[in-house]
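Trainee: Build me a model from this:
(chains A and B)
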Amino acid sequence: MAVRHLAVVVILLGAAAAPLAAQPATAAAVPRAANGKPDLTGIWIATGALLLMEGEQAIAAARASDTAAGRPPGNSGEPPPFKPEAEAQRQYFLGRRGVDDPMGRCLLTGVPRINFRPLPFEIVQLPERVLMLYEIHHAFRIIPTDGRPHPEDAEPSYLGESVAHWDGDTLVVDVRFFNDKTWLTGVGTIHTEDLRVTERYTRDSFETIRYEATMEDPNVLTRPWTIRETFRLRPNERLREYECIEDNEDLLRLERVLGDSASEKAP
Amino acid sequence: MRQFPFWLAFAAGAAAAPIASAHHSFAAVFDGEQFVTMTGKVVDVDWVNPHFHFSLDVPGSDGAVTRWRFEGYPPNMLVRQGWRRDVTLMPGATVTVEGWLARSEPNLGAVRWVTFADGHKLAGGPPAGTGGR
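Mentor: Residues are numbered from 1 along each chain as shown, chains lettered A, B, ... in the order given. As a prediction, this is how the structure comes out:
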């Protein structure tokens, strides 16, 4: 009898353990920093960017995993809630197939667009600041979390000025003082220096961060525009070099490909 | 003059609106509908940013050889796909290349896959219209 009972117990334990074994990563606890907040430290990449690294199957599996975990889907391509004048400009840039993209000149990408690049970025969480290191552009953000305000001498810049605070387990980053030389996300999503972005980073599992960015710019947007994405941990990754400007002669080619349309004026 | 920017193939980012614009950016130079396969001998390889590229001499049915130019991932991404500079793809090697034709520039392509003489296959560039619908 004892042996039989033991066998039943083993079987029951095995059945209970099976789902855990199928999802070992999500079963791991969210790491915490000394102050009790989630530790965002790690190398991450946007789910959408997996397409570049690993192909169509990888992104489909990741999206399915997000759905199963109740995470919101990545932005589905909803157009920005632009004012008519801004939308006209966006359509103009789309018509030119992205030839005017600031990234085409290897210029820094702004926030939140830089978080969706298909190259990984590293977050280093320190007691009073968070560092974000981007493989693309060799870019970095140093984000104070000690309660200090934005610097008084901030000048408009590509990545803006970031300060952050914790809202429960969510890191909330307030980004202001942008220049008007970047696009918000996709081709033609222009903005002005009045842009303000609020980012929310929530490490909801060992391997994922829920990301949300709300963009406000009353000059181009009719209302705040929020986009969402899941960042995925890349435990075996390290940041490498990508020097966009090395052999960047593509603009001449694109102008040639566009031909006559390249000489049209923006509305 | 022959590089197509790595960043532009996914200018919109798959997660960020508008998704379709990434497809347009790819389509600015390449035709995502014209997927081709060709076998030839590697002439040269440039391991450079923002795209590596290589030349391929491809014999036609009439015996004439056409020199094709392909471009793909930058070095940081090639390494992640298992490539090594001066090891993986060498001049003189015969390989089979799968990729998309340029829309207007002759004998130019965007590489997706390279199959080597021993049969193994590596991704040489991103999917067409990456971030597309």
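
Trainee: What are the boundaries of the helices in chain B?
Mentor: Residue ranges of the helices in chain B, as given by DSSP state H, are B:19-27, B:75-80.

Trainee: beta partners for B:T66?
Mentor: B:V58 (DSSP bridges).

Trainee: follow-up on the earlier one: quickly, which of the helices of chain B bottoms out on average pLDDT?
Mentor: Among the helices of chain B, helix B:19-27 carries the lowest mean pLDDT, at a mean of 42.

Trainee: And the residue nearest the centre of chain A?
Mentor: A:N115 (2.9 Å; Cα atoms, centre = their mean).

Trainee: ugh, typo on my part, it should be chain B
Mentor: B:V111 (1.9 Å).

Trainee: pretty sure that residue is touching B:V95, no?
Mentor: No - counting by Cβ atoms under 8 Å, B:V111 does not reach B:V95; the two are 9.9 Å apart. The C-beta positions use only the backbone N, C-alpha and C, and glycine is treated the same way.

Trainee: Tell me the spacing between the residue nearest to the centre of chain B and chain A.
Mentor: For B:V111, the distance to chain A (Cβ to the nearest Cβ, to the nearest Å) stands at 14 Å.

Trainee: same check, this time on B:E98
Mentor: 13 Å.

Trainee: Name the nearest residue to residue 128, ignoring sequence neighbours.
Mentor: Defaulting to chain A. Excluding the flanking residues, the one nearest A:E128 by Cβ to Cβ, 6 or more residues apart in numbering or on different chains is A:D146, at 4.1 Å.

Trainee: meant chain B, my bad for not saying
Mentor: Nearest to B:A128 is B:G32, by Cβ to Cβ, 6+ apart, at 3.9 Å.

Trainee: And A:R240, by the same measure?
Mentor: B:N76 (4.0 Å).

Trainee: what about that neighbour, how many neighbours?
Mentor: Neighbour count of B:N76, defined by other Cβ atoms under 10 Å in any protein chain shown: 18.

Trainee: Assign the residue nearest to A:E128 to helix, strand or coil.
Mentor: At A:D146 the chain is in coil, as set by DSSP: H, G, I helix; E, B strand; the rest coil.

Trainee: now it: how far from chain B?
Mentor: From A:D146 to chain B the distance is 31 Å (Cβ to the nearest Cβ).

Trainee: Residue ranges in the stretch 151-267 of chain A under the pLDDT threshold?
Mentor: A:248-255, A:257-267 (pLDDT under 70).

Trainee: which stretches of it form strands?
Mentor: Using DSSP state E, counting those that start in this stretch, the strands of the stretch 151-267 of chain A run over A:161-167, A:170-176, A:196-205, A:208-216, A:225-233.

Trainee: And for chain B?
Mentor: With DSSP state E, the ranges of strands along chain B come out as B:30-46, B:53-59, B:65-71, B:94-102, B:108-115, B:121-123.

Trainee: picking that back up, what does the pLDDT read for the residue nearest to the centre of chain A?
Mentor: At A:N115, pLDDT is 95.

Trainee: pretty sure it is touching A:R228, no?
Mentor: No - with contact defined as Cβ under 8 Å, A:N115 does not count as touching A:R228 (11.3 Å).

Trainee: Identify the contacts common to these two.
Mentor: Common contacts of A:N115 and A:R228, defined by Cβ atoms under 8 Å, 6 or more residues apart in numbering or on different chains, comprise A:211, A:213.

Trainee: Please identify the deepest-packed of the strands of the stretch 151-267 of chain A.
Mentor: The highest average neighbour count among those, using mean count of other Cβ atoms under 10 Å in any protein chain shown, belongs to strand A:225-233 at a mean of 22.

Trainee: Could you check the angle that strand makes with strand A:208-216?
Mentor: Put simply, strand A:225-233 runs at 160 degrees to strand A:208-216, going by axes from the mean of the first three to the mean of the last three Cα atoms, to 10 degrees.

Trainee: From the rest of the structure, what touches strand A:225-233?
Mentor: Applying Cβ under 8 Å, 6+ apart, the external contacts of strand A:225-233 come out as A:25, A:42-48, A:50, A:62, A:66, A:71-75, A:80-81, A:112, A:115-116, A:184-185, A:201, A:206-216, B:15-17.

Trainee: What subset of the residues you listed is buried?
Mentor: A:42-48, A:50, A:62, A:66, A:71, A:74-75, A:80, A:112, A:115-116, A:184-185, A:201, A:206-213, A:215-216, B:15-17 (16 or more other Cβ atoms under 10 Å in any protein chain shown).

Trainee: neighbours of residue 65, just the number please.
Mentor: Using chain A here. 19.

Trainee: Let me rephrase: I mean chain B.
Mentor: Count around B:V65 with other Cβ under 10 Å applied: 11.

Trainee: What pLDDT does the model give it?
Mentor: 97.

Trainee: Tell me which residues touch it, please.
Mentor: Going by Cβ under 8 Å, 6+ apart, B:V65 touches B:57-59.

Trainee: Ok, B:V111 next?
Mentor: Contacts for B:V111 (Cβ under 8 Å, 6+ apart) come out as B:54, B:70-72, B:97-99, B:124-125.

Trainee: most neighbours, which of the residues you listed?
Mentor: That'd be B:G125 among the contacts of B:V111, by other Cβ under 10 Å, with 32 neighbours.

Trainee: pretty sure it is touching B:G99, no?
Mentor: Yes - at 6.7 Å, B:G125 counts as touching B:G99 under the criterion of Cβ under 8 Å.

Trainee: Mind listing the shared neighbours of the two?
Mentor: Common neighbours of B:G125 and B:G99 (criterion: Cβ under 8 Å, 6+ apart): B:70, B:72, B:110-112.

Trainee: Pipe the residues you listed into a markdown table and attach pLDDT and distance to A:T192 per row.
Mentor: Listed next are those as a markdown table, based on pLDDT from 0 to 100; distance: Cβ to Cβ, whole Å:
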| residue | pLDDT | distance to A:T192 |
| --- | --- | --- |
| B:F70 | 95 | 41 |
| B:G72 | 91 | 37 |
| B:A110 | 93 | 35 |
| B:V111 | 95 | 40 |
| B:R112 | 94 | 39 |
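
Trainee: For the stretch 1-150 of chain A, which residues are neighbours of chain B?
Mentor: A:46-49, A:51-53, A:55-56, A:59, A:74-80, A:94, A:97-99, A:101, A:103-104, A:106, A:112-113, A:116-119, A:135-136 (Cβ under 8 Å from any Cβ of the partner chain).
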